[in-house]
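K.L.:
This is a predicted model, with the sequence first.
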Amino acid sequence: MKPLLLTFLLLFPLTFFAQDKLAYVNVDEVFSKMPELKDVETKLMAKSETIKKSLTAMQTEYNQMLERYGKTPTDSITQAIAEDRHKQMTDFQERYRVFSNNSQQELEKEQQALMAPLQQKLMKAIKDVGAENGYTYILNSASLLHMGTAAKDANGQVKAKLGITN
């Protein structure tokens, strides 16, 4: 009786998994084909170009400062003027560094803010497909090492839910 009970207790949990409906979706592929992504990429590219232009203008200004100060013979200026010029250049370098760092952080925040609604929309579509088709689990195929034949490919269903035609 004990071996039968032990066998039953060991095999009983497997019946639960046998009834589960599994599906998988390549989240990266579906996300990359979302139509709204083009608009987000365009906005980010425009912001990036604006930042790049500002950094280029600052670099040009710095180079002009170097050229202007380099033309003046060092023996014709006082110690105070030399120190002031050095301070101006150091301050400018710091301003450039701070602007560059702040701009990068701002661009990253903008990217997160623009991508968040798309990610939420994708997750909602996956949940809706799971609920509509009775899937117990929908897994990201990019992180799976093996997919058995019982798992269903839900890429097409999620793409349809998002209006992606290809």
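P.N.:
Arrived safely. Residues are numbered from 1 along each chain as shown.
K.L.:
how far does the lengthiest helix in the chain sit from the chain's center?
P.N.:
In terms of residue count, the longest helix belonging to the chain (DSSP state H) is helix 79-133. Its chain's C-alpha centre and that of helix 79-133 lie 12 Å apart, by Cα atoms, centre = their mean, to the nearest Å.
K.L.:
Now do it: which elements does it pack against?
P.N.:
Other helices and strands packing on helix 79-133, by 3 or more Cβ pairs under 8 Å, 6 or more residues apart in numbering; DSSP states H and E, are strand 22-25, helix 27-32, helix 36-71, strand 137-140, helix 155-162. C-beta: built from backbone N, CA, C; applies to glycine.
K.L.:
and residue 102, which of those is closest to it?
P.N.:
helix 36-71 (9.7 Å; Cβ to Cβ).
K.L.:
name the helices or strands packed onto the closest one?
P.N.:
Against helix 36-71 (3+ Cβ pairs under 8 Å, 6+ apart) you get helix 79-133.
K.L.:
The helix it packs on vs helix 155-162, what angle?
P.N.:
Here helix 79-133 runs at an angle of 110 degrees relative to helix 155-162 (axes from the mean of the first three to the mean of the last three Cα atoms, to 10 degrees).
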